[in-house]
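**Student:** What follows is a predicted protein model with its sequence.
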Amino acid sequence: MILIDGKKVAAELREELKKEVKGLKTQYNKIPGLTVILIGEDAPSKIYVKNKEKSANEIGLKSEVIRYPDTVEEKTVLEKIKELNNDESVSGILVQLPLPKHIDKQKVIETISPRKDVDGFHPMNVGNLSSGYNSSIPCTPLGCYLLLKKIEKNLSGKKAVIIGRSNLNGKPMTQLLLKENCTVTITHSKTKNLKNECLQADILVAAVGMPGLVKGDWIKKDAIVIDVGINKTDKGIVGDVAFDEVSKVAKAITPVPGGVGPMTIACLLKNTIECFKRSN
Ligand code: GUN
(Lines give C-alpha, C1' and ligand atoms only; values in the text may rest on other atoms or scores of the structure.)
Protein backbone atom coordinates (compact mmCIF):
# COMPACT_ATOMS: atom_id res chain seq x y z
CA MET A 1 0.00 0.00 0.00
CA ILE A 2 1.26 3.45 -0.89
CA LEU A 3 0.58 6.20 1.62
CA ILE A 4 0.19 9.33 -0.52
CA ASP A 5 2.19 11.93 1.39
CA GLY A 6 0.43 15.20 0.60
CA LYS A 7 2.62 17.07 3.03
CA LYS A 8 5.75 16.05 1.14
CA VAL A 9 4.28 16.63 -2.34
CA ALA A 10 2.99 20.05 -1.24
CA ALA A 11 6.41 20.98 0.17
CA GLU A 12 8.03 20.02 -3.15
CA LEU A 13 5.47 22.06 -5.07
CA ARG A 14 6.04 25.09 -2.81
CA GLU A 15 9.78 24.76 -3.37
CA GLU A 16 9.24 24.80 -7.17
CA LEU A 17 6.91 27.79 -6.87
CA LYS A 18 9.40 29.66 -4.71
CA LYS A 19 11.99 29.29 -7.47
CA GLU A 20 9.43 30.39 -10.03
CA VAL A 21 8.59 33.54 -8.04
CA LYS A 22 12.31 34.39 -7.93
CA GLY A 23 12.49 34.02 -11.70
CA LEU A 24 9.39 36.16 -12.23
CA LYS A 25 10.81 38.84 -9.97
CA THR A 26 13.94 39.02 -12.11
CA GLN A 27 11.95 38.92 -15.35
CA TYR A 28 9.23 41.47 -14.51
CA ASN A 29 10.75 43.38 -11.60
CA LYS A 30 7.57 42.71 -9.58
CA ILE A 31 6.07 39.81 -7.68
CA PRO A 32 2.67 38.09 -7.73
CA GLY A 33 0.32 39.25 -4.98
CA LEU A 34 -2.48 37.41 -3.20
CA THR A 35 -5.21 39.26 -1.31
CA VAL A 36 -7.54 37.31 0.97
CA ILE A 37 -10.74 38.80 2.37
CA LEU A 38 -11.87 37.30 5.68
CA ILE A 39 -15.27 38.23 7.07
CA GLY A 40 -16.33 37.42 10.61
CA GLU A 41 -14.98 35.13 13.30
CA ASP A 42 -15.44 31.59 11.93
CA ALA A 43 -12.67 29.69 13.74
CA PRO A 44 -11.67 27.25 10.95
CA SER A 45 -11.68 30.10 8.41
CA LYS A 46 -9.30 32.11 10.61
CA ILE A 47 -6.88 29.16 10.73
CA TYR A 48 -7.10 28.54 6.98
CA VAL A 49 -6.48 32.21 6.20
CA LYS A 50 -3.51 32.38 8.56
CA ASN A 51 -1.99 29.34 6.84
CA LYS A 52 -2.63 30.82 3.41
CA GLU A 53 -0.89 34.05 4.39
CA LYS A 54 2.07 32.23 5.94
CA SER A 55 2.55 29.96 2.91
CA ALA A 56 2.30 32.87 0.49
CA ASN A 57 4.97 34.78 2.38
CA GLU A 58 7.21 31.72 2.56
CA ILE A 59 7.43 31.38 -1.20
CA GLY A 60 8.00 35.12 -1.67
CA LEU A 61 4.56 36.28 -2.79
CA LYS A 62 3.14 39.60 -1.71
CA SER A 63 0.36 38.70 0.65
CA GLU A 64 -2.39 40.75 2.25
CA VAL A 65 -5.39 39.84 4.41
CA ILE A 66 -8.32 42.25 4.63
CA ARG A 67 -10.53 41.57 7.66
CA TYR A 68 -14.11 42.69 8.19
CA PRO A 69 -16.47 42.13 11.12
CA ASP A 70 -19.45 39.87 10.34
CA THR A 71 -21.69 42.94 10.42
CA VAL A 72 -19.99 44.43 7.36
CA GLU A 73 -22.35 45.53 4.60
CA GLU A 74 -22.32 43.58 1.37
CA LYS A 75 -21.79 46.81 -0.54
CA THR A 76 -18.53 47.50 1.32
CA VAL A 77 -17.17 44.08 0.39
CA LEU A 78 -18.20 44.40 -3.27
CA GLU A 79 -16.62 47.88 -3.49
CA LYS A 80 -13.38 46.52 -2.02
CA ILE A 81 -13.34 43.67 -4.53
CA LYS A 82 -13.80 46.14 -7.39
CA GLU A 83 -10.92 48.20 -6.03
CA LEU A 84 -8.72 45.07 -5.89
CA ASN A 85 -9.78 44.11 -9.44
CA ASN A 86 -8.23 47.40 -10.59
CA ASP A 87 -5.11 47.14 -8.42
CA GLU A 88 -2.19 46.02 -10.56
CA SER A 89 -0.22 44.75 -7.57
CA VAL A 90 -2.97 42.21 -6.80
CA SER A 91 -2.73 39.07 -8.96
CA GLY A 92 -5.22 36.92 -7.07
CA ILE A 93 -8.27 37.61 -4.90
CA LEU A 94 -9.84 35.07 -2.54
CA VAL A 95 -12.88 35.68 -0.36
CA GLN A 96 -12.86 33.06 2.37
CA LEU A 97 -16.11 31.06 2.64
CA PRO A 98 -18.49 30.64 4.39
CA LEU A 99 -19.90 34.18 4.40
CA PRO A 100 -22.40 35.69 6.86
CA LYS A 101 -25.99 35.06 5.74
CA HIS A 102 -26.72 38.66 4.71
CA ILE A 103 -23.95 38.57 2.10
CA ASP A 104 -24.83 36.99 -1.24
CA LYS A 105 -22.08 34.47 -1.97
CA GLN A 106 -22.75 34.30 -5.69
CA LYS A 107 -22.70 38.08 -6.01
CA VAL A 108 -19.31 38.15 -4.28
CA ILE A 109 -17.92 35.39 -6.51
CA GLU A 110 -19.17 37.09 -9.67
CA THR A 111 -17.69 40.45 -8.64
CA ILE A 112 -14.15 39.04 -8.51
CA SER A 113 -12.52 39.47 -11.90
CA PRO A 114 -12.26 36.03 -13.55
CA ARG A 115 -8.63 36.91 -14.25
CA LYS A 116 -7.94 37.20 -10.51
CA ASP A 117 -10.20 34.39 -9.37
CA VAL A 118 -7.65 32.10 -7.69
CA ASP A 119 -10.47 29.87 -6.37
CA GLY A 120 -11.81 29.15 -9.85
CA PHE A 121 -15.36 29.75 -8.60
CA HIS A 122 -16.38 32.50 -11.08
CA PRO A 123 -18.93 31.20 -13.64
CA MET A 124 -16.52 32.08 -16.44
CA ASN A 125 -13.83 29.83 -14.97
CA VAL A 126 -16.36 27.10 -14.15
CA GLY A 127 -17.57 27.24 -17.76
CA ASN A 128 -14.07 27.28 -19.22
CA LEU A 129 -13.05 24.27 -17.13
CA SER A 130 -16.11 22.29 -18.22
CA SER A 131 -15.49 23.25 -21.86
CA GLY A 132 -11.88 22.14 -21.60
CA TYR A 133 -10.41 25.64 -22.01
CA ASN A 134 -7.77 27.36 -19.87
CA SER A 135 -9.16 28.45 -16.52
CA SER A 136 -8.37 28.82 -12.84
CA ILE A 137 -9.01 25.40 -11.31
CA PRO A 138 -10.42 25.16 -7.76
CA CYS A 139 -7.54 24.47 -5.37
CA THR A 140 -8.77 21.32 -3.59
CA PRO A 141 -9.66 19.26 -6.69
CA LEU A 142 -6.47 20.50 -8.35
CA GLY A 143 -4.55 19.22 -5.33
CA CYS A 144 -6.32 15.84 -5.54
CA TYR A 145 -5.54 15.65 -9.23
CA LEU A 146 -1.83 16.36 -8.72
CA LEU A 147 -1.64 13.67 -6.02
CA LEU A 148 -3.39 11.16 -8.30
CA LYS A 149 -0.96 11.90 -11.11
CA LYS A 150 1.95 11.17 -8.77
CA ILE A 151 0.62 7.63 -8.37
CA GLU A 152 -0.72 6.99 -11.88
CA LYS A 153 0.57 8.95 -14.88
CA ASN A 154 -1.97 7.53 -17.31
CA LEU A 155 -5.54 7.74 -16.04
CA SER A 156 -7.13 7.07 -19.43
CA GLY A 157 -10.02 4.59 -19.32
CA LYS A 158 -10.00 4.34 -15.53
CA LYS A 159 -13.29 4.20 -13.74
CA ALA A 160 -13.50 7.10 -11.29
CA VAL A 161 -16.20 7.46 -8.66
CA ILE A 162 -16.64 10.76 -6.84
CA ILE A 163 -18.70 11.02 -3.67
CA GLY A 164 -20.11 14.54 -3.36
CA ARG A 165 -21.35 16.96 -6.02
CA SER A 166 -20.27 20.31 -4.54
CA ASN A 167 -19.12 23.23 -6.65
CA LEU A 168 -15.93 23.33 -4.55
CA ASN A 169 -14.88 19.71 -5.08
CA GLY A 170 -17.09 17.12 -6.72
CA LYS A 171 -18.06 18.98 -9.88
CA PRO A 172 -14.63 20.42 -10.77
CA MET A 173 -13.01 17.05 -9.89
CA THR A 174 -15.35 15.45 -12.43
CA GLN A 175 -14.15 17.84 -15.12
CA LEU A 176 -10.47 17.23 -14.35
CA LEU A 177 -10.90 13.46 -14.52
CA LEU A 178 -12.97 13.66 -17.73
CA LYS A 179 -10.13 15.63 -19.29
CA GLU A 180 -7.89 12.67 -18.41
CA ASN A 181 -10.30 10.32 -20.20
CA CYS A 182 -11.61 8.66 -17.06
CA THR A 183 -15.13 7.27 -16.99
CA VAL A 184 -16.60 9.33 -14.18
CA THR A 185 -19.55 8.61 -11.92
CA ILE A 186 -20.60 11.38 -9.56
CA THR A 187 -22.56 10.20 -6.54
CA HIS A 188 -24.39 12.11 -3.82
CA SER A 189 -26.82 11.82 -0.92
CA LYS A 190 -29.65 10.46 -3.13
CA THR A 191 -27.49 7.83 -4.85
CA LYS A 192 -28.89 4.33 -4.44
CA ASN A 193 -26.46 1.67 -3.23
CA LEU A 194 -23.40 3.85 -2.87
CA LYS A 195 -21.32 0.85 -1.82
CA ASN A 196 -21.90 -0.86 -5.18
CA GLU A 197 -20.91 2.29 -7.04
CA CYS A 198 -17.72 2.58 -4.99
CA LEU A 199 -16.84 -1.06 -5.63
CA GLN A 200 -16.52 -0.24 -9.36
CA ALA A 201 -13.93 2.47 -8.76
CA ASP A 202 -10.30 2.34 -9.88
CA ILE A 203 -10.14 5.86 -8.45
CA LEU A 204 -12.35 6.87 -5.55
CA VAL A 205 -12.60 10.50 -4.42
CA ALA A 206 -14.58 11.08 -1.22
CA ALA A 207 -15.66 14.67 -0.59
CA VAL A 208 -18.84 14.69 1.48
CA GLY A 209 -17.89 15.53 5.05
CA MET A 210 -19.14 12.30 6.64
CA PRO A 211 -16.54 10.79 8.98
CA GLY A 212 -15.52 7.24 8.04
CA LEU A 213 -18.34 6.80 5.49
CA VAL A 214 -16.29 4.70 3.06
CA LYS A 215 -15.59 1.22 4.48
CA GLY A 216 -13.02 -1.43 3.60
CA ASP A 217 -15.57 -3.65 1.80
CA TRP A 218 -16.55 -0.73 -0.50
CA ILE A 219 -13.14 -0.78 -2.18
CA LYS A 220 -11.98 -2.68 -5.24
CA LYS A 221 -8.57 -4.26 -4.76
CA ASP A 222 -5.80 -1.90 -5.89
CA ALA A 223 -8.03 1.16 -6.11
CA ILE A 224 -6.55 4.62 -5.49
CA VAL A 225 -8.43 6.43 -2.74
CA ILE A 226 -8.36 10.20 -2.28
CA ASP A 227 -9.95 11.42 0.95
CA VAL A 228 -11.00 15.09 0.85
CA GLY A 229 -12.92 14.96 4.15
CA ILE A 230 -11.83 17.05 7.11
CA ASN A 231 -14.18 16.11 9.96
CA LYS A 232 -13.80 17.13 13.58
CA THR A 233 -14.68 14.21 15.88
CA ASP A 234 -13.99 13.09 19.46
CA LYS A 235 -11.04 11.17 18.03
CA GLY A 236 -9.61 14.27 16.36
CA ILE A 237 -9.67 15.20 12.68
CA VAL A 238 -10.72 12.29 10.44
CA GLY A 239 -11.57 11.91 6.76
CA ASP A 240 -14.59 10.51 4.90
CA VAL A 241 -12.75 7.20 4.56
CA ALA A 242 -12.31 4.57 7.31
CA PHE A 243 -8.55 4.66 6.89
CA ASP A 244 -7.57 1.54 8.86
CA GLU A 245 -9.90 -0.75 6.86
CA VAL A 246 -9.51 0.87 3.46
CA SER A 247 -5.72 1.06 3.59
CA LYS A 248 -5.67 -2.78 3.76
CA VAL A 249 -7.41 -3.06 0.36
CA ALA A 250 -6.41 0.04 -1.61
CA LYS A 251 -3.29 0.35 -3.74
CA ALA A 252 -2.77 3.92 -2.52
CA ILE A 253 -4.55 6.25 -0.12
CA THR A 254 -4.25 9.80 1.20
CA PRO A 255 -4.16 10.16 5.00
CA VAL A 256 -6.17 12.75 6.94
CA PRO A 257 -4.52 14.95 8.03
CA GLY A 258 -1.48 15.19 5.76
CA GLY A 259 -3.07 14.22 2.44
CA VAL A 260 -5.20 16.59 0.40
CA GLY A 261 -5.17 19.43 2.97
CA PRO A 262 -1.59 20.67 2.43
CA MET A 263 -2.08 20.45 -1.35
CA THR A 264 -5.02 22.87 -1.29
CA ILE A 265 -2.89 25.76 -0.06
CA ALA A 266 0.03 24.90 -2.34
CA CYS A 267 -2.42 24.97 -5.27
CA LEU A 268 -3.72 28.37 -4.20
CA LEU A 269 -0.15 29.67 -4.47
CA LYS A 270 0.17 27.98 -7.86
CA ASN A 271 -3.06 29.62 -9.05
CA THR A 272 -1.88 33.03 -7.86
CA ILE A 273 1.29 32.66 -9.91
CA GLU A 274 -0.74 31.46 -12.93
CA CYS A 275 -2.96 34.57 -12.68
CA PHE A 276 0.15 36.77 -12.51
CA LYS A 277 1.66 35.11 -15.59
CA ARG A 278 -1.58 35.41 -17.57
CA SER A 279 -1.87 39.11 -16.76
CA ASN A 280 1.71 39.86 -17.77
N1 GUN B 1 -13.59 27.75 2.56
C2 GUN B 1 -13.27 26.44 2.63
N3 GUN B 1 -12.59 26.07 1.51
C4 GUN B 1 -12.49 27.17 0.74
C5 GUN B 1 -11.89 27.44 -0.52
O6 GUN B 1 -11.32 26.56 -1.18
N7 GUN B 1 -11.98 28.71 -0.97
C8 GUN B 1 -12.62 29.69 -0.28
N9 GUN B 1 -12.68 30.91 -0.83
N10 GUN B 1 -13.19 29.48 0.89
C11 GUN B 1 -13.11 28.23 1.40
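**Tutor:** Looks like it arrived, so ask away.

**Student:** For the rest of this, base every contact and every neighbour count on C-alpha atoms.
**Tutor:** Will do.

**Student:** list the contacts for Ala266?
**Tutor:** By CA atoms under 8 Å, 6 or more residues apart in numbering, the contact list for Ala266 reads Ala10, Ala11, Leu13, Arg14, Ser55, Gly143.

**Student:** Contacts only, for the fourth one.
**Tutor:** With contact taken as CA under 8 Å, 6+ apart, Arg14 is in contact with Ile59, Ala266, Leu269.

**Student:** Flag every residue of the protein that's near the ligand.
**Tutor:** Counting by CA under 6 Å from any ligand atom, the chain comes close to the ligand at Leu94, Val95, Gln96, Leu97, Pro98, Asp119.

**Student:** which residues in the stretch 1-150 of the chain form strands?
**Tutor:** Listed in chain order, the strands of the stretch 1-150 of the chain (DSSP state E, counting those that start in this stretch) span 2-3, 33-39, 62-68, 92-95.

**Student:** which one of those is the most hemmed in?
**Tutor:** strand 92-95 (a mean of 25; mean count of other CA atoms under 10 Å).

**Student:** Need the contact partners of that one.
**Tutor:** Strand 92-95 is contacted from outside by 33-38, 81, 84, 108-109, 112, 115-119, 271-272, 275-276, using CA under 8 Å, 6+ apart.

**Student:** from those residues, which ones fall inside helices?
**Tutor:** Residues of the contacts of strand 92-95 located in helices (DSSP state H): Ile81, Leu84, Val108, Ile109, Asn271, Thr272, Cys275, Phe276.

**Student:** And for the third one, the neighbour number?
**Tutor:** In terms of burial, Val108 registers 17 neighbours under the definition other CA atoms under 10 Å.

**Student:** quick revisit: format the strands of the stretch 1-150 of the chain as TSV; extra columns: mean pLDDT.
**Tutor:** As requested, the strands of the stretch 1-150 of the chain are exported to TSV (pLDDT from 0 to 100):
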stretch	mean pLDDT
strand 2-3	98
strand 33-39	98
strand 62-68	98
strand 92-95	98
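
**Student:** Just the pLDDT at the residue of the stretch 151-280 of the chain found nearest the ligand, thanks.
**Tutor:** Using CA to the nearest ligand atom, Leu168 is the residue of the stretch 151-280 of the chain that sits closest to the ligand, at 6.6 Å. Leu168 carries a pLDDT value of 96.

**Student:** ok, Ile4 - contacts?
**Tutor:** Going by CA under 8 Å, 6+ apart, Ile4 touches Leu147, Ala252, Ile253, Thr254, Pro255, Gly259.

**Student:** The fourth one contacts Ala223, doesn't it?
**Tutor:** Looking back up the chat, that one is Thr254. No - the criterion here is CA atoms under 8 Å, and Thr254 misses it with Ala223 at 11.9 Å.

**Student:** Low-confidence ranges, the stretch 51-200 of the chain, go.
**Tutor:** For the stretch 51-200 of the chain, no stretch has pLDDT under 70.

**Student:** sorry, back to before: with distance to Cys182 added, can I get the contacts of Arg14 in a markdown table?
**Tutor:** Converted to a markdown table, the contacts of Arg14 look like this (distance: CA to CA, whole Å):
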| residue | distance to Cys182 |
| --- | --- |
| Ile59 | 34 |
| Ala266 | 25 |
| Leu269 | 27 |
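
**Student:** Mark which of the residues you listed are part of helices, please.
**Tutor:** Judged by DSSP H, the contacts of Arg14 include Ala266, Leu269 as members of helices.

**Student:** which residues of this protein fall in helices?
**Tutor:** For the chain, the helices defined by DSSP H occupy 6-28, 43-58, 74-85, 105-111, 123-131, 139-151, 170-179, 194-199, 243-246, 260-279.
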